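**Q** Give the three-dimensional model of this entry:
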Amino acid sequence: TIDGMSVKEYFDYMFDHTVIVAEDDPFLNAFKQMDEAGVAQVRVIPATGAEKFAEYIYNKLNIFVKEETEGRVRVTKVTFMEHGKNAASYLED
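**A** Prediction:
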């Protein structure tokens with residue numbers, strides 16, 4: 001599981017019809033109020049942007065894959081694409 005959810009549940013929870021906000025966003029409290037009011041499904045992560053999304057997803061998936069395979073398999077690269085003109089990859093160190 002990832003954060004107590006199946007992989008599909010986790011990615012649906014995090015990215016399906018949600019508003020993703022960086023934890024240092026100056027309007028974070030306003031976004032949280034919208035979430036509490038049921039206006040938006042807000043998810044808070046350390047940072048946003050294609051590069052940071054790729055890194056965030058890499059870190060979540062790599063831990064999951066290593067645990068599930070008892071260290072036999074690891075994630076080496078994640079590519080995140082917002083749309084055809086904005087993409088970024090995060091590579092294993």
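**Q** What is the burial count for the nearest residue to A50 once chain neighbours are set aside?
**A** Closest residue to A50 apart from its sequence neighbours, by CB to CB, 6 or more residues apart in numbering: A88 at 3.8 Å. Just so you know, the C-beta spots here come from the backbone N, C-alpha and C atoms, and that holds for glycine as well. Counted with other CB atoms under 10 Å, residues neighbouring A88 total 16.
**Q** do S89 as well
**A** The burial count for S89: 14, using other CB under 10 Å.
**Q** Confirm that it sits in a strand.
**A** Yes. Judged by DSSP: H, G, I helix; E, B strand; the rest coil, S89 forms part of a strand.
**Q** Quick one: residues contacting it.
**A** S89 makes contacts with 54, 77-80, as judged by CB atoms under 8 Å, 6 or more residues apart in numbering.
**Q** what bridges to it?
**A** Going by DSSP bridges, S89 is paired in beta bridges with T79.
**Q** Against F80, how distant is it?
**A** To F80, S89 is 8 Å away according to CB to CB, to the nearest Å.
**Q** list residues touching both of these two?
**A** By CB under 8 Å, 6+ apart, the residues touching both S89 and F80 are A54.
**Q** my read: M14 touches R43, true?
**A** Yes. Counting by CB atoms under 8 Å, R43 is a contact partner of M14 at 5.4 Å.
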